[in-house]
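> sequence plus predicted model, see below.
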Amino acid sequence: MSGLGDLASRWLGASVLAASDESFGEKEHLLTPGAAAFEPGHYGPRGEVVDGWETKRRREPGHDWALIRLGAPGVITEVDVDTSFFTGNHPESCLVEACGAEGYPSPAELAGPGTAWTEIVPRSPLRGDAHNTFGVTGPQRFTHVRLSIFPDGGVARLRVRGHVVPDPRELDGLTIDLASQRYGGAVVASSDEFYTSSGLLNRPDLARTMGEGWETRRRRDGGPDHAVLRLGLAGQVRQLIVDTAHFKYNSSAAVEVWASADDPAPAADSAAWQPLLARTRLQPDTRHVLPVTSPEVVTCVRVDAFPDGGLSRVRVIGAIAPEARARAGYLWFNALPAAQATAVLENAGVPAEAAAGLAARRPLAPADVAGSDLRVLAGLLGGPPER
């Protein structure tokens, strides 16, 4: 397994903010979590019912576009423009751009001259009824993407895969779910995924059905099954939440939880794992809140489920370690597009000219913050306190 996720996932809060046209198929279909489906012969007032975003036939120059706010900002590595079931009505080509913006700008503000858009997928031909995947390179962290299609047509789904880079300013002083996908946590290994993926365990929403949790095959030995979660931010764990929602006759009977400070996470049978939660009985269809104490900072946890069965969610509640906060701060600030980095500094009180100069000096390292002109960065980056 990898730490890649869909930054444009609806489960993370992504949204299609605006589109140039949606005459045949609504723009919201672009981010529908499941795969596209289609039944020919079903018609409504707008024409044949489609499971995707489809624009009208253009009779004038130009192209269509859709504007998406990512659910979790991050570094984009791949874009999938999925034209499933669109054959004679798919676009000829597409272009994908991205930007980094502070706050919650409106579509009009994002279209204005103050927003710097970066081309991440050059104009490229599209195949109908296919996953058109494009690799993306570059270290920048983005908050929004804009999909342009030429000249018109239909796209079933848009996936924007990459690595989450959380804004650490939003987390200062808080106790959070250190393992959440929202902050870059990932399930990196599991013993079995016969029915459903262990990658669902750290999704930030609540499971709506048994199909939205992790379920293994029936074991005919003593077990257990296991899943390894890499924390998005290292910290000291204070509480575990183990939810068996919707698993009524096939929930795991008990769990043990282990923790490690290793990075990357050790193998499941490594001696580096230390006990975090002794074997604890579980009830079906129940949210279990379990107090724990980890005196040490941990980077990953292993959940052992006895003997098999289903878990819907696992939360690892704790405080971010100061060292992890600093690493996250430097990673975040160094990955910001230049315009956003400048805006961050100006919002912190740095004059515009000095802010642009500091943004241009990136990447910054902790030693750089010692300079007097960089002290304002200390609070942003998680370094020594501002004096």
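Structure received. Residues are numbered from 1 along each chain as shown.
> helices of this structure, start to end?
107-110, 322-335, 338-347, 352-360, 377-381 (DSSP state H).
> tabulate these (CSV), appending mean pLDDT, distance to Arg238 and mean neighbour count.
All C-beta spots, glycine's among them, are computed from the backbone N, C-alpha and C. Formatted as CSV, the helices of the chain follow (pLDDT from 0 to 100; distance: least, C-beta to C-beta, whole Å; neighbours: other C-beta atoms under 10 Å):
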stretch, mean pLDDT, distance to Arg238, mean neighbour count
helix 107-110, 97, 39, 13
helix 322-335, 95, 15, 19
helix 338-347, 94, 30, 20
helix 352-360, 91, 36, 15
helix 377-381, 81, 25, 20
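> wait, which of those is closest to Glu22?
Of all these, helix 107-110 sits nearest to Glu22, with 13.7 Å by C-beta to C-beta.
> the spatially closest residue to Gln274 that is not a sequence neighbour: neighbouring residues, count only.
Counting by C-beta to C-beta, 6 or more residues apart in numbering, Gln274 lies nearest to Ala259, which is 5.7 Å off, once chain neighbours are set aside. By other C-beta atoms under 10 Å, the residues close to Ala259 number 23.
> same question, Val292
Residues lying near Val292 (other C-beta under 10 Å) number 19.
> now do Gln140
By other C-beta under 10 Å, the residues close to Gln140 number 21.
> could you number the chain from 55 rather than 1 from now on?
All right, first residue 55 from here; so that's Gln194.
> for it, give me its contacts.
Val129, Ala152, Gly154, Thr172, Ala389, Leu390, Pro391 (C-beta atoms under 8 Å, 6 or more residues apart in numbering).
> tell me which of those fall in strands.
Val129, Ala152, Thr172 (DSSP state E).
> re earlier: who's the residue nearest to Gln328 bridged to?
Gln328, Val355 (DSSP bridges).
> what's the spacing between it and Ala307?
22 Å (C-beta to C-beta, to the nearest Å).
> kindly report the same for Arg100.
To Ala307, Arg100 is 51 Å away according to C-beta to C-beta.
> please say which of those two ends up with more neighbours.
Shown here are Arg100 and Ala307; by other C-beta under 10 Å, Ala307 has more neighbours (17 against 14).
> which residues touch the more buried one?
Arg335, Leu336, Phe360, Pro361, Gly363.
> shaky segments in the stretch 155-304 of the chain?
Of all residues in the stretch 155-304 of the chain, none has pLDDT under 70.
> tell me where it has strands.
172-179, 185-189, 195-204, 208-209, 211-218, 229-231, 240-244, 268-269, 279-297 (DSSP state E, counting those that start in this stretch).
> Pro258 against Gly238, yeah?
No - with contacts counted by C-beta atoms under 8 Å, Pro258 stays clear of Gly238, the gap being 11.7 Å.
> OK, contacts around Pro278?
By C-beta under 8 Å, 6+ apart, the neighbours of Pro278 are Ser245, Glu310, Asp358, Ala359, Phe360, Pro361, Asp362.
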